[in-house]
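Engineer: Take this sequence and fold it.
(chains A, B, C and D)
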Number of protein chains: 2
Amino acid sequence: MNQETSPAAAPPDDETALRRTPSQKRSRERVGQILACATALIQEKGSDAMRMSEVAEKAGISIGSLYQYFPDKAAIVRTLAERYNAVCNECIAAELAKVTSLAELREAFAVLFDIYYDMFLAEPVMRDIWSAMQADKALREIDLQQSRAGGQLLADVWARFVPDTPRETIDSAAFLIMHLGDCTMRLAVSVDRAEGDQIVEAYKRMILRDFVADGPGGGASLIDISGVRS
Amino acid sequence: MNQETSPAAAPPDDETALRRTPSQKRSRERVGQILACATALIQEKGSDAMRMSEVAEKAGISIGSLYQYFPDKAAIVRTLAERYNAVCNECIAAELAKVTSLAELREAFAVLFDIYYDMFLAEPVMRDIWSAMQADKALREIDLQQSRAGGQLLADVWARFVPDTPRETIDSAAFLIMHLGDCTMRLAVSVDRAEGDQIVEAYKRMILRDFVADGPGGGASLIDISGVRS
DNA sequence: CTACAAACATGAGCATCTCTCACATTTGCA
DNA sequence: TGCAAATGTGAGAGATGCTCATGTTTGTAG
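Structural biologist: Model (predicted):
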């Protein structure tokens, strides 16, 4: 029969990632143990170099047991990713809950991105999971090189029209515009065509607004937010 | 001795990707042949599912010959990526060369992104190389799901303050803001700390400018570009 | 024309890693 | 205590990237 009449039939984490919903206490502990060992190994050598045999060994179980809980290696990484996402979601919801005006929305977002950045900096495993999502490191380098090259072209032209803006500011803004342009395209072609079109248009609007003259209320990505009417 | 006194000692493509610079006509043809076969296979089944044995078979050569030219599988993909980048670079340079004012810069960028988007839509192999750079498809889905969830939270709050802006516009802008936020963080933590800080700040400036009230000259990502002073 | 060295070609098989499966052991209730 | 379900085990199947010892072709020097 079934065993241990678990307090709630709710699966401990999420339903699709685990191959078999653990019903005994021992196995529920092991899921946590596996994830902890995987986290340690990813921190140590990266998710790509993490071997399933190592996870099993470190967790003190056999390969077979490991595969009893997780259908494949990617499922372990996915589970960790979802845990990090859950934390992020709480942060976002908490910050947005306080907002009662556009000014506060701006403030909340500034805070949110700082928190997010700090999380990325502080959590090497989170970083690895999302960055090593890129299969090939050299390919990523080529990608960034392309953004830098395009950014350079843009910055050279842009700088001519905003002489009062520090070149450093223009450079990083131009680099970012190019890189996020790539990201936008990859996003746009991965959803249906209608939404993709909308996304590309949204990005253009977002970026084109940067190309305004120097001066009060203007300037390359330097507009004084506090002065915007809301 | 050396053979065929090649017209210029310049390597045909790039120096690091090829294991051995081909000096005979036959082998130079083979490099092109390999890349063409790889392209066809990627188009057919994706770069991840492309097998080196298949590439060799389709090109009518042995595995050993394949590895004589390309040090590993990733090198083939990288070479293709660099070719696509070269095409993009030409487009960017060509569009930016004409620019003589901020208004023209805006126009050039709008055109550029449309061209870029069309290229992505038209070139499945280019799309695959950069999108399948993401190792795990399910992980990518989780990532997008997170952006959608965050975007929903944002859109709900945002919409309260810009009642005249169509909800659809807000939704895609919010989704994009969240997704590009992720992209920005991943970029920021992959460069040195000082540049990372600048990039995060640049993104915040870029985004916060979106949160302005409805009306002439304002509105959620709908500011009338043509009206901006330049 | 021939000989020779360098360039190029070959494919069996090595190394590595993920994941399976048939079987053993443990758990908790009846 | 017995029994069925749950859990544990690890040898090895299967797949694939890549190597290396050896054979073949190419172009030039003598």
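Engineer: for chain A, what helix or strand is lowest in average pLDDT?
Structural biologist: The helix or strand of chain A with the lowest confidence, counting by mean pLDDT, DSSP states H and E, is helix A:124-131 at a mean of 84.
Engineer: Now do the SS call for A:Glu54.
Structural biologist: helix (DSSP: H, G, I helix; E, B strand; the rest coil).
Engineer: Need the nearest residue in space to it, chain neighbours excluded.
Structural biologist: A:Leu41 (5.7 Å; Cβ to Cβ, 6 or more residues apart in numbering or on different chains). Just so you know, the C-beta spots here come from the backbone N, C-alpha and C atoms, and that holds for glycine as well.
Engineer: neighbouring contacts of stretch A:59-69?
Structural biologist: Stretch A:59-69 is contacted by residues A:18-20, A:22, A:27, A:30-31, A:33-34, A:36-37, A:52-53, A:55-56 when judged by Cβ atoms under 8 Å, 6 or more residues apart in numbering or on different chains.
Engineer: same thing but at 10 Å, please
Structural biologist: Residues outside stretch A:59-69 that contact it (Cβ atoms under 10 Å, 6 or more residues apart in numbering or on different chains) are A:17-22, A:27-28, A:30-38, A:40-41, A:52-53, A:55-57, A:73, A:75-76, A:79.
Engineer: just to revisit the earlier point, can you confirm whether the least confident helix or strand of chain A lies near chain B?
Structural biologist: Yes - legend: contact between helix A:124-131 and chain B by Cβ under 10 Å from any Cβ of the partner chain is shown at A:124, A:126-127, A:129-131.
Engineer: could those residues go into a markdown table alongside distance to B:Cys88 and neighbour count?
Structural biologist: As requested, those are exported to a markdown table (distance: Cβ to Cβ, whole Å; neighbours: other Cβ atoms under 10 Å in any protein chain shown):
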| residue | distance to B:Cys88 | neighbour count |
| --- | --- | --- |
| A:Pro124 | 32 | 16 |
| A:Met126 | 31 | 23 |
| A:Arg127 | 28 | 20 |
| A:Ile129 | 29 | 23 |
| A:Trp130 | 25 | 22 |
| A:Ser131 | 23 | 19 |
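Engineer: Distance to B:Gly181 for those - can I get that in a markdown table?
Structural biologist: What follows is those, written out as a markdown table (distance: Cβ to Cβ, whole Å):
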| residue | distance to B:Gly181 |
| --- | --- |
| A:Pro124 | 20 |
| A:Met126 | 14 |
| A:Arg127 | 15 |
| A:Ile129 | 17 |
| A:Trp130 | 12 |
| A:Ser131 | 15 |
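Engineer: of all those, which two lie farthest apart?
Structural biologist: The most widely separated members of these are A:Pro124 and A:Trp130, with 11.2 Å between them, by Cβ to Cβ.
Engineer: For those two, list the residues in contact with both.
Structural biologist: Contact criterion Cβ under 10 Å, 6+ apart; residues shared by A:Pro124 and A:Trp130: B:Val189.
Engineer: The helix or strand harbouring A:Leu180 and chain B, any residue contact?
Structural biologist: Using DSSP states H and E, A:Leu180 sits in helix A:167-188. Yes - Helix A:167-188 is in contact with chain B by Cβ under 10 Å from any Cβ, via A:168-188.
Engineer: Next, count neighbours for the residue nearest to A:Glu54.
Structural biologist: Neighbour count of A:Leu41, defined by other Cβ atoms under 10 Å in any protein chain shown: 21.
Engineer: For chain A, which segments count as helices?
Structural biologist: Along chain A, counting by DSSP state H, helices occupy A:25-45, A:52-59, A:63-69, A:73-97, A:102-122, A:124-131, A:137-161, A:167-188, A:193-208.
Engineer: Please identify the most buried of the ones you listed.
Structural biologist: Highest mean neighbour count of the helices of chain A: helix A:167-188, a mean of 23 (counted as mean count of other Cβ atoms under 10 Å in any protein chain shown).
Engineer: quick one, it and helix B:193-208 angle?
Structural biologist: Relative orientation of helix A:167-188 versus helix B:193-208 (axes from the mean of the first three to the mean of the last three Cα atoms, to 10 degrees): 70 degrees.
Engineer: helices or strands up against helix A:167-188?
Structural biologist: Secondary structure elements in contact with helix A:167-188, counted by 3 or more Cβ pairs under 10 Å, 6 or more residues apart in numbering or on different chains; DSSP states H and E, are helix A:137-161, helix A:193-208, helix B:73-97, helix B:102-122, helix B:124-131, helix B:137-161, helix B:167-188, helix B:193-208.
Engineer: tell me the angle that helix makes with helix B:73-97.
Structural biologist: Going by the same axes, to 10 degrees, helix A:167-188 makes 120 degrees with helix B:73-97.
Engineer: starting at the chain centroid, how far to helix A:167-188?
Structural biologist: From the chain centre to the centre of helix A:167-188 is a distance of 16 Å (Cα atoms, centre = their mean, to the nearest Å).
Engineer: Give me the neighbour count for A:Val48.
Structural biologist: Careful, residue A:48 is Asp and not Val. Look at A:Asp48: counted by other Cβ under 10 Å, it has 16 neighbours.
Engineer: so how far is DNA strand D from it?
Structural biologist: Using Cβ to the nearest atom of the strand, to the nearest Å, A:Asp48 is found at 13 Å from DNA strand D.
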